[in-house]
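Q: Mind looking at a prediction? Sequence and model below.
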Amino acid sequence: MCKEFAFTVKSICFDENYQPSANTRATTNFANLARGESRQENLRNTLNMIDNRFNALAHWDNPKGDRYTVELEIISVEMNVDAKKSGDALPLIEILKASVVDRKTDERIDGVVGNNFSSYVRDYDFSVLLQEHNKSRSAFSTPDDFGDLHGKLFQCFVNSNAYKENFNKPPVICLSVSSSKTYHRVENQHPVLGVEYQQDEYSLTDEYFKKMGLKVRYFMPPNSVAPLAFYFSGDLLVDYTNLELISTISTMDTFQKIYRPEIYNANSAAGKSYQPRLDNQDYSLTRIVYDREERSRLAIEQGRFVEEHFIKPHRAVLEQWSANYAL
């Protein structure tokens, strides 16, 4: 347990009326979609894509393909370094919680919590710390303790009372596969997750998430064109129902088509041996406007923010806590 730190969980609905709050991380993909002249059309089209994808995967007892709708909440996690004091909380993590509404039975079903993953400390690690570490090096490398603090903070939250009071199951994070690795299709096939891929070595992101206590498996769901990376603890294929898995596939397959169209909206599907390519020209664009250049720029700005307002002021406390924290 992490008695030293206090976590606060807040949520806001992600729907066509969503307005990013002043405290929302500007690099969060949801905030990017919800700005500008096309904001409401962006949001409406995104949610329609998610619903259509969900119903295509949950096709049994669903003859018209409109039985289910997915509702999303943006979960914001704030952390106080001193659990005894209020105020000065750091917006540590943002994730998505999916819920599924069955229009046939009027039942509301819990989906996966996790999905997209945003983190101030990860911005710092990748956009500030890693860049500075490699400035004068001829070959790319990572600091020996790269990701240690972030991994322990994440596990501290997942094991906290705040998490257990709000969520019934551990998170599943679903991200794009790495363009620096090659993935090989294997014989294993799941009715919802689809065909499984494996690779010979982990990517930097895979190693980073390992320090968060998360394993990874790669699956290409039915009618997708590239595998997704699923990060989880426990047993992905046993611990979650088909509808829970579909909730994360439909959500993240949609977002990846918007964020990474060169990979996830390509005009040809991944073969038996597959290396994702961001320079692929044979792909289609969605009707949704997404500013990737802004996303990259703001990651650096927010990495600097967390350095100034969290890492530097609390460095001694964090280093001592990290050294003593037993996973």
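A: That came in fine, so what should we check first?
Q: pLDDT weak spots in the stretch 1-150 of the chain?
A: The stretch 1-150 of the chain contains residues with pLDDT under 70 at 1-3, 21-31, 83-87.
Q: try it again with 50
A: 25-27 (pLDDT under 50).
Q: could you show me where the strands are in it, in order?
A: 6-14, 68-80, 90-102, 107-119 (DSSP state E, counting those that start in this stretch).
Q: Next, format these as TSV and append mean neighbour count.
A: (Each C-beta comes from the backbone N, C-alpha and C, glycine too.) Below are those laid out as TSV (neighbours: other C-beta atoms under 10 Å):
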stretch	mean neighbour count
strand 6-14	16
strand 68-80	20
strand 90-102	21
strand 107-119	21
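Q: Columns distance to residue 145 on top of those strands, output as JSON lines?
A: Listed next are the strands of the stretch 1-150 of the chain as JSON lines, based on distance: least, C-beta to C-beta, whole Å:
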{"stretch": "strand 6-14", "distance to residue 145": "23"}
{"stretch": "strand 68-80", "distance to residue 145": "20"}
{"stretch": "strand 90-102", "distance to residue 145": "19"}
{"stretch": "strand 107-119", "distance to residue 145": "17"}
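Q: in the stretch 101-250 of the chain, which spans are helices?
A: 120-124, 130-133, 148-158, 161-166, 204-210, 236-239, 242-259 (DSSP state H, counting those that start in this stretch).
Q: Looking at those, spot the one closest to residue 35.
A: Closest approach to residue 35 among the helices of the stretch 101-250 of the chain (C-beta to C-beta): helix 242-259, 14.1 Å.
Q: immediately after that closest one, which helix or strand?
A: Downstream of helix 242-259, the next assigned helix or strand under DSSP states H and E is helix 261-264.
Q: buried sites along that next one?
A: 261, 262, 263, 264 (16 or more other C-beta atoms under 10 Å).
Q: Now the first one: closest residue in space, sequence neighbours ignored.
A: Counting by C-beta to C-beta, 6 or more residues apart in numbering, residue 261 lies nearest to residue 283, which is 5.0 Å off, once chain neighbours are set aside.
Q: check contacts around that neighbour.
A: Counting by C-beta atoms under 8 Å, 6 or more residues apart in numbering, residue 283 touches 261, 262, 263, 265, 266, 267.
Q: Could you export those residues as CSV, including distance to residue 235 and pLDDT?
A: Formatted as CSV, the contacts of residue 283 follow (distance: C-beta to C-beta, whole Å; pLDDT from 0 to 100):
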residue, distance to residue 235, pLDDT
261, 32, 94
262, 32, 96
263, 27, 97
265, 31, 97
266, 30, 97
267, 35, 97
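Q: Make a markdown table from those residues and add distance to residue 252 to it.
A: Compiled in a markdown table, these are given as follows (distance: C-beta to C-beta, whole Å):
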| residue | distance to residue 252 |
| --- | --- |
| 261 | 14 |
| 262 | 16 |
| 263 | 12 |
| 265 | 13 |
| 266 | 16 |
| 267 | 20 |
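Q: quick one: which two of those are the most distant?
A: Checking the contacts of residue 283 with C-beta to C-beta, the most distant pair is 263 and 267, at 11.7 Å.
Q: residues shared between the contacts of these two?
A: In contact with both residue 263 and residue 267: 225, 283, using C-beta under 8 Å, 6+ apart.
Q: isn't residue 162 right next to residue 7, touching?
A: Yes: contact criterion C-beta atoms under 8 Å: residue 162 and residue 7 qualify, at 4.0 Å.
Q: quick one, what contacts residue 304?
A: 124, 128.
Q: cool, and residue 102?
A: 67, 68, 108, 109.
Q: Residue 205 and residue 126, how far apart?
A: Counting by C-beta to C-beta, to the nearest Å, the separation of residue 205 from residue 126 is 9 Å.
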